[in-house]
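Novice: Attaching a predicted model along with its sequence, questions to come.
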Amino acid sequence: MPFTISDEMLKQAGLGEQDARVEIACRLYDAERLSLHQAARWAGLDRTGIETALLSRGLPIYRITEQDLKDDLDAIRRMEQLKNAGHL
């Protein structure tokens, strides 16, 4: 189903069509409704372009979860064990 934003609405928002695509893609990514790849495609940008657009809006590119931190700590502990055992 096509979604249309009138030229008048874009004008009121001070956005061109491409600017609106980028804005919407960034906001949907921030709301975790689109992946980074999907947001880039929606906005018609490459990975670097969408990352730059996110950062310029003060939005994070990546969100580190508690599980990410636990996984990193586990990996560090395993590396320390290998080092202490003389395997590194």
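Specialist: Structure received.

Novice: what's the pLDDT at Met86?
Specialist: If you look again at residue 86, you'll see it is Gly, not Met. Gly86 is assigned a predicted lDDT (pLDDT) of 84.

Novice: cool, and Asp71?
Specialist: For Asp71, the model assigns a pLDDT of 93.

Novice: Dump whichever strand or helix holds it to CSV, restricted to CA.
Specialist: If you go by DSSP states H and E, Asp71 is part of helix 66-84. The C-alpha trace of helix 66-84 is given here as CSV (Å, rounded to 0.1, in the frame of the first residue of the first chain):
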residue,chain,number,x,y,z
GLU,A,66,23.1,-6.2,29.0
GLN,A,67,23.7,-9.5,27.2
ASP,A,68,26.3,-7.9,25.0
LEU,A,69,28.2,-6.8,28.1
LYS,A,70,27.9,-10.2,29.7
ASP,A,71,29.2,-11.9,26.5
ASP,A,72,32.1,-9.4,26.4
LEU,A,73,33.0,-10.1,30.0
ASP,A,74,32.9,-13.8,29.5
ALA,A,75,35.2,-13.5,26.5
ILE,A,76,37.7,-11.4,28.5
ARG,A,77,37.6,-14.0,31.3
ARG,A,78,38.3,-16.8,28.8
MET,A,79,41.2,-14.9,27.3
GLU,A,80,42.6,-14.2,30.7
GLN,A,81,42.4,-17.9,31.5
LEU,A,82,44.2,-18.8,28.3
LYS,A,83,46.8,-16.2,29.0
ASN,A,84,47.4,-17.4,32.5
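
Novice: Can you name the residues in contact with it?
Specialist: Helix 66-84 has contacts (CB atoms under 8 Å, 6 or more residues apart in numbering) with Leu88. C-beta here means a position set from N, CA and C on the backbone, and glycine is covered the same way.
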